[in-house]
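*Asks:* Task: produce atomic coordinates for the following.
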Amino acid sequence: MREIDEHEFEEQIEQRPRRGRGSVFACIFLGVTVVALIIVLFITSRGGFTGVELTSELDILSASKVMGTQDGFCAYNRDGAEGYSDDLKTVWNISYDFIDPIGRTSGDKCVFADRGGIDACVTDSTGDVTTLRMPGQIREACIAETGISAFLCDGGEQDYIYLYNFKGEKLLEIRTDVRTMGFPVAIALSPDGKRLVTSYIVIEEEQSCRVTFYNFGDVGQNYSDKIVGSFNYEDEIIPYITFVDSEHVCICAEYSASIFRFREIPEELAHIDYEGSVKGIDVCDEIIAIASQDVGSAMTIRLYDKEGKTLSQAKTNIAFDEIRVRNRELFITCSDAFVIYDRDGDEKIRTTIPYRIEAVFPTGDSDRYMIAVPGKVFMAQLVRGTKEEPAQEAETETEASPDDESTTVTDEALGSEPEQEASEAAEGQIEDESLNG
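*Replies:* Numbering: from 1, shown residues only. Down below sits the predicted model:
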């Protein structure tokens, strides 16, 4: 065997074909490309929306209020109501003559009542309407997804709660004594129509508020007036009661909130105290949003699940008009500005339009929304762009003046991520980060 010295061995190695180097470079290039693509998609999905384009509009009833329904929204005023789909098509319309109309919805069911009067009506997505006449003056009304409606009526020294089915047949009459129960404030009916919760102001030696739970099922038949539970709140008023689902209810006082599981007998799952007063609340899709006043002008918006567990929270300086939860997204409206957080708690869009915003509703398209303004509803398409070269927005969109506090929105989140802290506000008007806490 011929011996090979060290120098000859190295020459033979250098003369051999270098296999695999091109493959390595190709893999590296592919990897870098994939990472870059992921980053681009991440940035686009997190902060790509810079404004809205108002693509179409619909004239609605003048001087009307709007409410979200199962597949769209409805508008109502003193003369009647109209229902619309999420593509701005008229679905139904009804007429009535009310002095002070109340409107409430659940699913596709709607109830309209004349506060202080005795007339009411119920309808659904088909436009079928049933008219009702109460024995006493109506204080409040609500409706269940099943079409059962409840009315709280003033009868002098005694108040009455009436339940009707969708055909207009009276199902139940409950009498309450003002001297013992107090003066009614709020009322809520479960989606299945089997449970009712009311709040009353009780004036004795000190003012308090009493929350009463009614069960219209088999268990409630064994209790007087079907009252299966009652709780007192000292020195507080309960202005807001809503069912999260058929078995969970949120009760919101001036400085606290309670979550109850109400299957047969009410059971308190969570009680939350706030340093400041509650300024806004909404419930939808088993998500509870509550905004409470902090020190100064700041507020904290917290999202809870149906058992009272905190999902996320954010501090904000927005002097908002309303907060809403729809399709697990959070909507904050303030004069002509609005902010939307997606279901992950990240800011999706914030911008302004040259109208006073009354409500923002989702559609079946995650990038399209309905924006209700006085006398009109616009279809708004979210527009993508970059901060250096903003996307072309609708010609009607305006930029708020720095001195105009009603249209300038600022926000500071808790537990925000670094890339969100570095992001700039769209159109230089709004600063904000995510709801992730």
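*Asks:* any idea how far Lys348 is from Gly385?
*Replies:* To Lys348, Gly385 is 14 Å away according to CB to CB, to the nearest Å. All C-beta spots, glycine's among them, are computed from the backbone N, C-alpha and C.
*Asks:* Can I get stretch 156-176 in PDB? Just the C-alpha atoms.
*Replies:* These are the backbone C-alpha positions of stretch 156-176, laid out as PDB (Å, rounded to 0.1, in the frame of the first residue of the first chain):
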ATOM      1  CA  GLY A 156     -99.600  53.300  42.400                       C
ATOM      2  CA  GLU A 157     -98.800  51.900  45.800                       C
ATOM      3  CA  GLN A 158     -98.200  48.600  44.100                       C
ATOM      4  CA  ASP A 159     -96.100  47.700  41.000                       C
ATOM      5  CA  TYR A 160     -96.700  44.800  38.700                       C
ATOM      6  CA  ILE A 161     -94.500  42.600  36.600                       C
ATOM      7  CA  TYR A 162     -96.200  41.100  33.500                       C
ATOM      8  CA  LEU A 163     -94.900  38.300  31.300                       C
ATOM      9  CA  TYR A 164     -96.300  37.800  27.800                       C
ATOM     10  CA  ASN A 165     -95.500  35.300  25.100                       C
ATOM     11  CA  PHE A 166     -94.800  36.300  21.500                       C
ATOM     12  CA  LYS A 167     -98.500  35.800  20.600                       C
ATOM     13  CA  GLY A 168     -99.500  38.400  23.200                       C
ATOM     14  CA  GLU A 169    -100.900  36.000  25.700                       C
ATOM     15  CA  LYS A 170    -100.300  36.900  29.400                       C
ATOM     16  CA  LEU A 171     -98.200  34.200  31.100                       C
ATOM     17  CA  LEU A 172     -97.700  35.700  34.500                       C
ATOM     18  CA  GLU A 173     -98.600  38.600  36.800                       C
ATOM     19  CA  ILE A 174     -96.500  39.500  39.800                       C
ATOM     20  CA  ARG A 175     -97.500  42.200  42.300                       C
ATOM     21  CA  THR A 176     -94.900  44.000  44.300                       C
END
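*Asks:* Please shift the residue numbers so they start at 17 in all later answers.
*Replies:* New numbering, starting at 17: the last item is stretch 172-192.
*Asks:* For it, give the mean pLDDT please.
*Replies:* Average pLDDT, stretch 172-192: 91.
*Asks:* Repeat that for stretch 126-146.
*Replies:* Per-residue pLDDT over stretch 126-146 has a mean of 95.
*Asks:* Tell me the strands beside whichever strand or helix holds Val138, with direction?
*Replies:* Under the criterion of DSSP states H and E, Val138 resides in strand 135-139. Strand pairing for strand 135-139, using DSSP bridges, gives strand 125-130 (antiparallel), strand 145-149 (antiparallel).
*Asks:* From Gln237, how far out is Thr349?
*Replies:* For Thr349, the distance to Gln237 - CB to CB - is 44 Å.
*Asks:* ok, those two, which is more surrounded?
*Replies:* For Thr349 versus Gln237, the count of surrounding residues by other CB atoms under 10 Å is larger for Thr349: 23 against 9.
*Asks:* hang on, the more buried one packs against Ile369?
*Replies:* No. Checked against CB atoms under 8 Å, the pair Thr349 and Ile369 is beyond contact range at 10.7 Å.
*Asks:* Nearest approach to Val227 belongs to which of the strands paired with strand 135-139?
*Replies:* Across those, Val227 has its closest neighbour in strand 125-130 (22.1 Å, CB to CB).
*Asks:* what separates that closest one from the chain centre, distance-wise?
*Replies:* Its chain's C-alpha centre and that of strand 125-130 lie 20 Å apart, by CA atoms, centre = their mean, to the nearest Å.
*Asks:* for stretch 331-348, same thing?
*Replies:* The chain centre lies 7 Å from the centre of stretch 331-348; the measure is CA atoms, centre = their mean.
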